[in-house]
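Visitor: Here's a sequence, model it:
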Amino acid sequence: MTKQNPDPGLLRNRVFDEIAIGDSAAIERTLTFEDIQLFALQTGDFNPQHIDHEYAATTRFEGVVGHGMWTGSLISAVLGTRLPGPGTVYLSQSLRFQAPVKIDDRLTVQVTVTERDEATKTLTLDCTCINQAGTVVVSGQARVLAPTQPVERARVALPDMRLDAAGDSSLQHLLTAVAPLQAIPAAVVHPCDQASLSAAVHARQAGLMEPVLVGPRPRLEALAQEHALDLSGIQIDDVPHSHAAAARAVELAGQGKVEALVKGSLHTDELMAAVVGNGSALRTKRRISHCFLLQTPRYPRPFIVTDAAINLRPTLAQKADIIQNAIDLAQVIGVAEPKVAILAAVETINPTMPATLDAAALCKMADRGQISAGMLDGPLAFDNAVSIAAAHTKGIVSPVAGQADILMVPDLESGNMLAKQLMYLGDASSAGIVLGAKVPIVLTSRADSHACRTASCAIALMLAHHYRTAPP
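Guide: Numbers count the residues shown, from 1 in each chain. Got it, this is the predicted structure:
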């Protein structure tokens, strides 16, 4: 076995005279979906078996598998960097593809010298790729011209390549979609930190809104000067504190002077108390709820998680409103008949688990027209809601399972954890919006990125234009 290079920043070869029959070298590599996407972009091999989760779930492999030649390229990596290493010239390679390589499979790729030709300085090597279960997925034989001069080179630094399937590209698509829409007047409520004030300025620059800053003027102007933010042409409605800002913003919306509210640096409870308080002109017959619009590289379409921010433990009737709000949002962003998965811990009805009973009742309410314009199914466990293969394995026949547009969670705690896990561990891009009031409400967190804040304002713009002809 080739000794490990003690300095990973250097590449060293082994010349022909140093190599004996039986010598071997190996590397390990775990396949990710991003690897598959990058390989498809480089080669032009867009076979849906490799990149289309929905199609791949219906095939014999029950899911996406890696390109065979991606695995074969790992053999080249061993030959070119380990044995013999730099200076090696590939002459021929045979490959036998014996088992599929799936996402998260960990491969050990090994080459072993079986023949040496002194006259031509060529080597023949057996090649194997073995997964974490010990299954040989690829085998073959390589013939190479080995180097005769030693090489020691510093590893060349390469740029970090990362697909942004759910980040800036998704934001750019959203901004492109709303580009024809005229900016709306929006009250930015108490934007007394750098993040919320700069987001308001940037939303104006992006043509999404004409902000009305509702807060203490001296504090806003000092903050703008500190962070070099230009407030020229932006209206400031001077109020002394955050409580007054929330009340004034709701008043402006009730009078039709603004078409959206945007949370600044005040607490969510403080803003929402003004929105739903007695005498508020923004209340409707519908329960107010929050929707996260998410997109992750591992799921083929944007989807909504609701409610993860407003309703702590919603009742059955409140859940019906939450679902209807989410369906309305999905239709505004272009999904004609959204598929709603009502989540629980299991996919069967269990009398001791209230979430499963609510799911069954909500589906029947949809059958009776009490929830309209969507296709509901539940209870569904999370895996069944987002994976056709998982649903197939469990024998679930459903037009919703594995292809949900909306994930309805049992309560705020589970929803909040789910959404944030998707954002922080699943690389999901996000936008957040509150529905059920007479105007859309952008409800952002202090930890939200600039892209999230901008996307949320874009969603508010779409909703506000929709409400002009179809008021909530």
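Visitor: how long is stretch 84-91 end to end?
Guide: 13 Å (C-alpha to C-alpha, to the nearest Å).
Visitor: How about stretch 327-338?
Guide: First residue to last in stretch 327-338 (C-alpha to C-alpha) measures 6 Å.
Visitor: List the buried residues in it.
Guide: Within stretch 327-338, the residues that count as buried by 16 or more other C-beta atoms under 10 Å are 327-333, 335, 338. Every C-beta, even on glycine, is put in place using the N, C-alpha and C of the backbone.
Visitor: ok, now stretch 249-260?
Guide: 249-254, 258-260.
Visitor: how about those in a markdown table, adding pLDDT?
Guide: Formatted as a markdown table, those follow (pLDDT from 0 to 100):
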| residue | pLDDT |
| --- | --- |
| 249 | 96 |
| 250 | 96 |
| 251 | 96 |
| 252 | 97 |
| 253 | 97 |
| 254 | 95 |
| 258 | 97 |
| 259 | 97 |
| 260 | 97 |
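Visitor: Nearest to residue 96 among those residues?
Guide: In terms of C-beta to C-beta, no member of the buried residues of stretch 249-260 lies closer to residue 96 than residue 260, at 60.3 Å.
Visitor: so the closest one makes contact with residue 442?
Guide: Yes. Here residue 260 reaches residue 442: they are 6.6 Å apart, a contact under C-beta atoms under 8 Å.
Visitor: pLDDT weak spots in the stretch 251-400 of the chain?
Guide: Across the stretch 251-400 of the chain, nothing is flagged by pLDDT under 70.
Visitor: And the stretch 51-200 of the chain, by the same measure?
Guide: 157-172.
Visitor: Which strand runs longest in this structure?
Guide: Secondary structure of the chain per DSSP state E: the longest strand is strand 106-117.
Visitor: for the closest residue to residue 416 other than its chain neighbours, what are its contacts?
Guide: Closest residue to residue 416 apart from its sequence neighbours, by C-beta to C-beta, 6 or more residues apart in numbering: residue 308 at 4.5 Å. Residues counted as contacts of residue 308 (C-beta atoms under 8 Å, 6 or more residues apart in numbering) are 290, 292, 409, 412, 415-416, 418-419.
Visitor: Just the ones of these in strands?
Guide: 290, 292.
Visitor: Strands along the stretch 201-350 of the chain, start to end?
Guide: Remark: strands assigned in the stretch 201-350 of the chain by DSSP state E, counting those that start in this stretch are 209-215, 235-238, 260-263, 289-295, 303-306, 339-343.
Visitor: Redo those strands as CSV? Include distance to residue 276.
Guide: Below are these laid out as CSV (distance: least, C-beta to C-beta, whole Å):
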stretch, distance to residue 276
strand 209-215, 18
strand 235-238, 21
strand 260-263, 12
strand 289-295, 12
strand 303-306, 17
strand 339-343, 25
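Visitor: Out of those strands, which is closest to residue 382?
Guide: Across the strands of the stretch 201-350 of the chain, closest to residue 382 is strand 339-343 (C-beta to C-beta), at 5.9 Å.
Visitor: What is that closest one packed up against?
Guide: Packed against strand 339-343 by the contact rule (3 or more C-beta pairs under 8 Å, 6 or more residues apart in numbering; DSSP states H and E) you find helix 316-332, helix 354-367, strand 375-380, helix 382-386, strand 406-408.
Visitor: so of these, which one's packed in deepest?
Guide: Comparing the helices and strands packed on strand 339-343 by mean neighbour count (mean count of other C-beta atoms under 10 Å), strand 406-408 comes out on top with a mean of 27.
Visitor: domain parsing for the chain?
Guide: With domains defined by automatic domain parsing, the chain comprises 10-154, 285-436.
Visitor: Would you work out how far apart the start and end of the first one are?
Guide: Length of domain 10-154, first residue to last, C-alpha to C-alpha: 4 Å.
Visitor: now residue 108, which residues is it bridged with?
Guide: Following DSSP bridges, residue 108 is listed with bridge partners residue 28, residue 130.
Visitor: Quick one: neighbours of it, just the number.
Guide: Neighbour count of residue 108, defined by other C-beta atoms under 10 Å: 15.
Visitor: Could you do residue 193 as well?
Guide: Using other C-beta under 10 Å, the number of residues around residue 193 comes to 15.
Visitor: residues in contact with it?
Guide: 223, 264-265, 446.
Visitor: Of the strands of the stretch 201-350 of the chain, which is nearest residue 124?
Guide: strand 289-295 (48.1 Å).
Visitor: Adjacent strands (with direction) for the closest one?
Guide: Assessed with DSSP bridges, strand 289-295 is paired to strand 303-306 (antiparallel), strand 429-435 (antiparallel).
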